[in-house]
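*Asks:* sequence and predicted structure, then a few things I'm wondering about:
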Amino acid sequence: MPDMSQGKIEAQYIMFTGTPGTRKSTQALSYPRPQFWLSWDQKMNALRLPMMHWGIDPKEIHYEDYRDWNTARAKLESFITQSTSFSPQPIPYKTIIVDSITSMADGALQQTKDLKRGTTRSSGRDAGKSVGGIIVNELEDYNAEAAALQELISLTKQVHKMHKVNIILIAHLIQAEYKSANSQANMVRTIVTAGKRIAPKIPAYCEESYHFFLKTSFDVSVGGEYAVLTSSTNEDFARSTLPLPREIVLGDDPLYSKYVQPAIEKLNTQITNTQNTQKE
């Protein structure tokens, strides 16, 4: 049975949040390679420019496009079943990126509609609700979405621990108003999924949660700088277990090699020094 005096940080289980266009996917590229991308957004071509800018070998970036949950689940399960605790078989990746859980949730909902459409065609009976000839999701379908997201967390956690690989979950955010018990209104950022109950749970499973945003100045003609928060404000749930600055202005710099990797090495050195001191 391990205790907290043992072990070092070998890999991270992380969530990247932010509105579209804040370079979440770009910064995921900066993490150790080879990488495998579970691509639900299906926009891998958008990564070609940052790959060239940072001199990344395209052969180190592997991906598959998905539109349903079952196919992606089978891929994650293959990473687990090919290895056991008695006979570990390493996978050829150092980082696995889910881009994005927002689109993955849509894929789970699309899967339920596709199944109903197929049932309707084979049986001749309407197997789902339709509006204007278009099959729409029903209340029970959102239970399927929640179940798929729960399975995603469970499977990626197993892959993370079994193979010591980085897992990055990319999520899109919207700003929403919530009222406290005393009816005070608060503006918070929340993960975009169709169902509202599962989304707030996901960050709790992540060791790290980084919020990406565009840092703007009062002079709109100057434009903004790409930045990331590593600790929470009143509007988001960013946090880190590493000795990182609260706010990092990235510009065109790679997040991992310039900031995260040195922070991991610093913390691991501190762990080693503590262990050595305890042995003396």
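*Replies:* Structure's in. What do you need?

*Asks:* how about the helix or strand hosting residue 265: buried residues?
*Replies:* Assessed by DSSP states H and E, residue 265 sits inside helix 261-279. The neighbour-count criterion (16 or more other C-beta atoms under 10 Å) identifies 261, 263, 264, 267, 271 as the buried residues of helix 261-279. Where you see a C-beta, it was placed from the backbone N, CA and C, and this is true even at glycine.

*Asks:* does residue 79 touch residue 167 like I think?
*Replies:* No - if you go by C-beta atoms under 8 Å, residue 79 and residue 167 don't touch, sitting 10.8 Å apart.

*Asks:* mutual contacts of these two, please.
*Replies:* 96, 159 (C-beta atoms under 8 Å, 6 or more residues apart in numbering).

*Asks:* need the phi and psi values for residue 211.
*Replies:* The phi and psi values for residue 211, taken as degrees, to the nearest 10, are phi -100, psi 120.

*Asks:* how many other residues sit next to it?
*Replies:* Using other C-beta atoms under 10 Å, residue 211 has 26 neighbouring residues.

*Asks:* I'd say it and residue 18 touch.
*Replies:* Yes - Residue 211 sits in contact with residue 18 when judged by C-beta under 8 Å, with a separation of 5.9 Å.

*Asks:* which residues do those two both contact?
*Replies:* In contact with both residue 211 and residue 18: residue 173, using C-beta under 8 Å, 6+ apart.

*Asks:* tell me the secondary structure for residue 170?
*Replies:* When classified by DSSP: H, G, I helix; E, B strand; the rest coil, residue 170 comes out as strand.

*Asks:* measure it to residue 204 for me?
*Replies:* 17 Å (C-beta to C-beta, to the nearest Å).

*Asks:* looking at the two, which is more packed in?
*Replies:* Per other C-beta under 10 Å, whichever of residue 170 and residue 204 has more neighbours is residue 170, with 26 against 10.
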